[in-house]
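> Need the 3D shape of this:
(2 chains)
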Amino acid sequence: MDITFNIGGEAGQGIDTIGDLLTQVFVQSGFYTFTIKDFMSRIRGGYNFSQIRVSDSPIHAPIDDIDLIVALSHDAIVGKRNQLVDGGVIIFDDTIKTEELDACHYPAPLQKTATEVGGNIRMMNAAALGAVLAVTRFPFNLAETALSEIFLRKGRKVVDANVEVAKALYNLTKENWIGTCAHDMSTVKMGPCKDRLILTGNRAIALGAMAANLKWISSYPMSPSTACFQDIVSNAQRLKIGSLQTEDEIASLATAIGASFAGARSMVTTSGGGFSLMVEGLGLAAMTETPIVIYNAQRPGPSTGLPTRTEQGDLLFMLTASQGEFPRIMLAPKDPIEAFDVATRAFNLADKFQVPVMILGDQYFSDSVKNVPRIDAGKVEIDRGKRASTMASEPYERFKLTEDGVSPIAFPGDQGKFVVASGNVHLENGHITEDPDIRNSMVEKFMRKIPQILKTLNPPQVFGGRGAETTLLTWGSTWGAAYEAVKVLADKGVSINLLHFCDLFPLKTHILTEVFSEAKGVVAVEQNATSQFAKLVLMETGLTVDKRVNKYDGRPMTPRFIMDRLKEGGIS
Amino acid sequence: MITKEQLEGPQKITWCTGCGNFGILASLKNAVGELGVPQNQFVIVSGIGCGSKIPHYINLNAIHTLHGRAIAVAQGIHLANLDLQVLVHVGDGDTLGEGLGHLMHAARRNVNLSVFIHNNGVMGLTKGQFSPSAPRGYVSSTSPPEAGAPMNPVNVVAYALTAGATFVARGFSGDQKGLVALMRKAMKHKGFALVDILQPCQTWNRQLNWKFYNEHTYSLQENGHDINSRIAAIEKAFSNGDKIPTGVFYEEKAPTLAESLALPPDGRLRDHQTDIKAVQAIIDELIL
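Residues are numbered from 1 along each chain as shown, chains lettered A, B, ... in the order given. Purely as a prediction, here's the structure:
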């Protein structure tokens, strides 16, 4: 079973609610779900959709085929019709004026049933759900249990009314609708999936940060990162986290650097445009060796670009942002579960090496919803790195030259110490200097950190076994679509595997060189136009990929997209 | 009491002979010494410019930051540990130009900082270009040749007052006694305190020199000014003509930013441990 629902309509019509309901019903019923959100940069109107893929085996990406469309506007009837499979059904509200549609499609009395049965037009969501379940012949009793649990949070009365509405349209549909759907789920029992934690990438980053003892966040709202900031702020009181929406991104990073300098684990969230403003702050954090975590949920640029769409276009920018040379760490989680881990690691790495750590997400990663296994926050380990001794007899020196390049840290207010830092080149005690020998020592101190960092970072992962003829090379959120493409092709007998990077920089080259020598062809698959990761690989290793798959329309990568490009290149 | 010896600066001063910054440094040492706050609880945050080198000339915790961003960095330091006494030392070129937005917003947040502006009307360290507080017509290497600085100066006292600062004063580096008193008041004030410090640049500014300020300043407090009236303060702020008022323009008690944030009871985010069970509960609430 692998079925995709597309719920489309205008912003403000409750598309997300219907989508969430469907997701919840299927998760409650034991299925794997993967939901993407496609919306325009506007508050009302337009054409938005939420697309839910449901399967009885694990899924990691959206696919192009749509089995069922729920349309709340005319645009939504036509918007994705070309992706509807044979035997696919469009359910649309019967008040929408439309050209003659095939009889297989279904003008459903969504508004009417919500008003007449539920007494509230907002119950259209439950009505739509009833119609979807009827069309797919999904057993209502299974859904009813799920629905009750979902609505119970809003009170018994709400449960009854919504279940009544859903049931009314379910029954009405069964009686009146004459079409057939390619998917008949009448024999569906509970699915095999036990994963019931509903996560987006943004939320996973927020949870990871909170579990990692985040104590300060200052940000400026910017799509698609804002939900992460909001998640943290909404729990700030409960967990005692200082938070501030600043006047701009320049202030947000500067304030976070201040908080970190004073001893609080700190982060900022932003997108590429905001990160552009943070660049001088990045340099200050680096020069003062102040630990900081920067989360960039990327979107297509340059400039405002496509504010609510996806791209992996900031990799090289983030790699080289700021004047001067210094160690930095870049991590790009592939999915929400890895994102939680990446967020917790990011804070430990920042403290351990006293460097900026940057997490690269993107709108697709940030907003997509997946049901995942429960996360055990108790397993999170916190490593605040080298602290200066409280018993020291000598005057404290914040930038003491050490073998590994990392100086024991102290914070202003610590007994018997003066902590001095400077964005200028400085002496070991933090006061400024222009001495060439000290400059050399301090640069070399920076550089000594890099091999230590490399030892600590995770190696890339190989999926599909070593030694394949073709290797796909991916990083971050593109993993899901590539992973599924590899699976489909391997099942067909194609010799193909996937080399995937989460820890991007400093780049671990060992497995990379091995896989390049094993494969006849390496194909970089990236959500950008210029294969930026392939360029990084070339820069660090001299290795060149053989083919490139690029997508830069702002819409998420799908397995089919990758397979079509591979086919053009003779791999199928 | 912190002695002069304890505050002795780690580095040799690089300011020009006769620089107005000397008076500010001397006043700062006096004010810090007598405040009654332990020496290791002070943090100086500076921007970029001659005045912003002050952390290297006094023995305190310090971070010497970026042009214009010192106030933003300082507010983070303050909020991570409310025990700290955070002092911001910045120039006019720095904070009235690139940093003006941060100043206005920090003022309206009433974040508990003392901001000391070393105001000399020129970009000294880059060799005398007109600064945002240079008078209209001030001739420098980057002003239009005939007109001089082709715009009115930033009136920082007026800006701070309209932005909502809760302590606003102006001192003069040549009046150390007065300046020490203003600095002490600013440090004791709970909220956003700004002291605009008139400070001649001997080397570049031929107009705003010691003689000019000695002849053109007068004390608000000796002339019956009501420091509890924001409107009266704004009037005085705009009375910069032949006579420049110094002293306290305005003072008010108001809630500070820290009081509205989710800080731990002891005000020390730096030492606070998040309850991991509470995080687990947040996670578990997301489970269907």
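> OK, contacts around residue B:161?
Residue B:161 makes contact with B:168, B:230, B:233-234, B:237, B:249-250 under the criterion C-beta atoms under 8 Å, 6 or more residues apart in numbering or on different chains. C-beta here means a position set from N, CA and C on the backbone, and glycine is covered the same way.
> now these in JSON lines, with distance to chain A, neighbour count and secondary structure?
As requested, those are exported to JSON lines (distance: C-beta to the nearest C-beta, whole Å; neighbours: other C-beta atoms under 10 Å in any protein chain shown; DSSP: H, G, I helix; E, B strand; the rest coil):
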{"residue": "B:168", "distance to chain A": "20", "neighbour count": "30", "secondary structure": "strand"}
{"residue": "B:230", "distance to chain A": "22", "neighbour count": "18", "secondary structure": "helix"}
{"residue": "B:233", "distance to chain A": "24", "neighbour count": "27", "secondary structure": "helix"}
{"residue": "B:234", "distance to chain A": "22", "neighbour count": "18", "secondary structure": "helix"}
{"residue": "B:237", "distance to chain A": "23", "neighbour count": "22", "secondary structure": "helix"}
{"residue": "B:249", "distance to chain A": "24", "neighbour count": "28", "secondary structure": "strand"}
{"residue": "B:250", "distance to chain A": "22", "neighbour count": "25", "secondary structure": "strand"}
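> From residue A:549, how far out is the residue in the stretch 251-400 of chain A that chain B sits nearest to?
Using C-beta to the nearest C-beta, residue A:258 is the residue of the stretch 251-400 of chain A that sits closest to chain B, at 2.5 Å. Residue A:258 is 43 Å from residue A:549, where distance means C-beta to C-beta, to the nearest Å.
> more crowded one of the two?
Remark: of residue A:258 and residue A:549, residue A:258 carries more neighbours, 31 against 27, as counted by other C-beta atoms under 10 Å in any protein chain shown.
> Can you say which helix or strand has the more buried one in it?
Take DSSP states H and E as the rule and residue A:258 turns out to sit in helix A:249-261.
> and that helix, what other elements does it pack with?
Where contact means 3 or more C-beta pairs under 8 Å, 6 or more residues apart in numbering or on different chains; DSSP states H and E, helix A:249-261 is packed against strand A:216-219, strand A:242-245, strand A:266-270, helix A:272-287, strand A:292-298, helix B:70-80, helix B:100-109.
> For the stretch 351-500 of chain A, what lies in contact range of chain B?
Counting by C-beta under 8 Å from any C-beta of the partner chain, the stretch 351-500 of chain A comes close to chain B at A:371, A:374-378, A:380, A:411-424, A:429-432.
> what about the closest residue to chain B within the stretch 1-150 of chain A, how many neighbours?
Minimum separation of the stretch 1-150 of chain A from chain B (C-beta to the nearest C-beta) falls at residue A:27, amounting to 5.3 Å. For residue A:27, the count of nearby residues is 25 (other C-beta under 10 Å).
> ok, which stretches of the stretch 101-250 of chain B are strands?
With strands called from DSSP state E, counting those that start in this stretch, the stretch 101-250 of chain B shows them at B:113-119, B:122-123, B:129-130, B:167-172, B:192-198, B:217-219, B:244-251.
> which residues does the residue of the stretch 251-400 of chain A closest to chain B contact?
Residue A:258 neighbours (C-beta under 8 Å, 6+ apart): B:45, B:63, B:72-80.
> Excluding chain neighbours, what is closest to it?
residue B:76 (2.5 Å; C-beta to C-beta, 6 or more residues apart in numbering or on different chains).
> and that neighbour, what does it touch?
Here residue B:76 is in contact with A:216, A:218, A:254-262, A:266 (C-beta under 8 Å, 6+ apart).
> Dump those to TSV, plus pLDDT and distance to residue A:105.
Shown next, in TSV, are the contacts of residue B:76 (pLDDT from 0 to 100; distance: C-beta to C-beta, whole Å):
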residue	pLDDT	distance to residue A:105
A:216	98	53
A:218	98	50
A:254	98	56
A:255	98	54
A:256	99	52
A:257	99	57
A:258	99	59
A:259	99	56
A:260	99	57
A:261	98	62
A:262	98	62
A:266	98	53
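> which residues touch the residue in the stretch 101-250 of chain B that chain A sits nearest to?
For the stretch 101-250 of chain B and chain A, the shortest gap (C-beta to the nearest C-beta) falls at residue B:105, measuring 4.2 Å. Residue B:105 is in contact with A:246-247, A:251, B:163, counting by C-beta under 8 Å, 6+ apart.
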